[in-house]
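**Q** next comes the sequence, and after it the predicted model I'd like to discuss.
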Amino acid sequence: MPTRLEIPIFGPASASPAIAAGAARIELNAAGSYPAGGLTPSVDDVACLKDAEVPVRIMIRPRGPPAGQRDFLYSDAEIDGMVRSIEAFKASGAMRVERGDGFVFGALMKTGAEGAGRVGLQVETVQKLVAASKPYKTVFHRAFDDIVGSDDAGDVAADGTPGVVAEWEKALASLVQMGIDGILTSGGPGNAAQNITTLKKIMAKAGDSIEIIAGGGVRSSNVGDIRSRLCMGGGGDGKESWVHSSCLTGGSNDEVDVAEVQKILGEIK
């Protein structure tokens, strides 16, 4: 079965060219927010995609990382704002359950000793966001990669006991239990192509319980190799696989590079 392409767009104007070029799903972010990693768009932005032919997933992220601080650690006020954004998008009438529309978000908390630099899943916050999102689809974004990175940053166990469950495995199990539909991940800090071994472990652990979307530095120059090494789209089992690529024309430009989209599709068909 072919691997499908999800394209994050930064402003609704990019939706039509991305879909016409072959995007199977759109992740909508605020215009100009690519340098910040993608932020919550406006209700008017979402309204522009009311008649889109593919599923629309809306980024719920109030801000980028504070200078010199960890990302995805939100205050109570920011969390309340994320819930209000979801409620406003649902009330707008522009979203469609039957199309597969949904929300993309993530939230972390500090774990371990003070100053250890480790993070884990902020379960209560994610539960609140999932509840607010129903009946729409939900995806936990690349905050998951920070959790994977935390496993590399700290001690495996205080007493050195082998077989300790990695932090990302705990997070994965929690997300499945919460009913999250997908996880967007590069398999850890950096790009997907650098983290194939861990990505394979994540996909194997996830099985059919949750969709794993491989993203982060996915380009036409490496997507064929990434797909092959992850054994995506093969085996004849009918299981759908996904890659995520921004396909931008370069710099801070929000325009989708149609030629790049077509090259990626040529590699994953």
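**A** Arrived safely.
**Q** where along the chain do the helices fall?
**A** Remark: helices assigned in the chain by DSSP state H are 15-21, 43-47, 76-91, 123-133, 143-153, 167-178, 196-206, 223-229, 258-268.
**Q** deepest-packed of those, please.
**A** Of all those, helix 143-153 has the most neighbours on average by mean count of other CB atoms under 10 Å, namely a mean of 21. Any C-beta I mention is one placed from the backbone N, CA and C, and that applies to glycine too.
**Q** contact partners of it?
**A** Applying CB atoms under 8 Å, 6 or more residues apart in numbering, the set of residues contacting helix 143-153 from outside is 70-72, 106-108, 111, 116-121, 166-168, 171, 183-189, 195, 198, 202, 216.
**Q** ok, now with 6 Å
**A** 72, 106, 108, 117-119, 166-168, 171, 183, 185-186, 188-189 (CB atoms under 6 Å, 6 or more residues apart in numbering).
**Q** likewise stretch 76-90?
**A** Residues outside stretch 76-90 that contact it (CB under 6 Å, 6+ apart) are T40, V43, V46, I58, I60, P62, F103, T125, A132, S133.
**Q** quick one: the last one and T3, what's the gap?
**A** S133 sits 26 Å away from T3 when distances are taken as CB to CB, to the nearest Å.
**Q** centre of the chain to the lowest-mean-pLDDT helix or strand in the chain, how far?
**A** Ranked by mean pLDDT, DSSP states H and E, the weakest helix or strand in the chain is helix 143-153, scoring a mean of 85. Centre-to-centre, helix 143-153 and its host chain are 15 Å apart (CA atoms, centre = their mean, to the nearest Å).
**Q** cool, stretch 261-269 as well?
**A** Worked out by CA atoms, centre = their mean, stretch 261-269 lies 20 Å from the chain centre.
**Q** show residues contacting it.
**A** P2, T3, L5, A21, G22, S220, V223, G224, R227, S245, C247.
**Q** so for these, which is the shakiest by pLDDT?
**A** Minimum pLDDT for these is recorded at P2 (80).
**Q** JSON lines for the contacts of stretch 76-90, including pLDDT?
**A** Converted to JSON lines, those look like this (pLDDT from 0 to 100):
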{"residue": "T40", "pLDDT": "98"}
{"residue": "V43", "pLDDT": "98"}
{"residue": "V46", "pLDDT": "97"}
{"residue": "I58", "pLDDT": "98"}
{"residue": "I60", "pLDDT": "98"}
{"residue": "P62", "pLDDT": "97"}
{"residue": "F103", "pLDDT": "98"}
{"residue": "T125", "pLDDT": "98"}
{"residue": "A132", "pLDDT": "98"}
{"residue": "S133", "pLDDT": "98"}
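**Q** ok, those vs V97, which is closest?
**A** Using CB to CB, S133 is the member of these that sits closest to V97, with 10.9 Å.
**Q** now do the contacts for the closest one.
**A** Taking CB under 6 Å, 6+ apart, we find S133 in contact with I86, F103.
**Q** 8 Å instead, please
**A** Counting by CB under 8 Å, 6+ apart, the residues that S133 touches are I86, G102, F103.
**Q** V218 and R227 touch, don't they?
**A** No - distance between V218 and R227: 9.4 Å, which falls outside the contact criterion (CB atoms under 8 Å).
**Q** where do the contact lists of the two overlap?
**A** Shared contacts of V218 and R227 (CB under 8 Å, 6+ apart): V243.
**Q** the closest residue in space to G120 that isn't next to it in sequence - how many residues pack around it?
**A** Leaving aside its chain neighbours, G120 sits nearest to T111 (4.2 Å; criterion: CB to CB, 6 or more residues apart in numbering). Around T111 sit 16 other residues, with neighbours defined as other CB atoms under 10 Å.
**Q** just to revisit the earlier point, dump the helices of the chain into CSV; add distance to Y34 as well.
**A** Shown next, in CSV, are the helices of the chain (distance: least, CB to CB, whole Å):
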stretch, distance to Y34
helix 15-21, 14
helix 43-47, 14
helix 76-91, 19
helix 123-133, 23
helix 143-153, 17
helix 167-178, 26
helix 196-206, 23
helix 223-229, 19
helix 258-268, 15
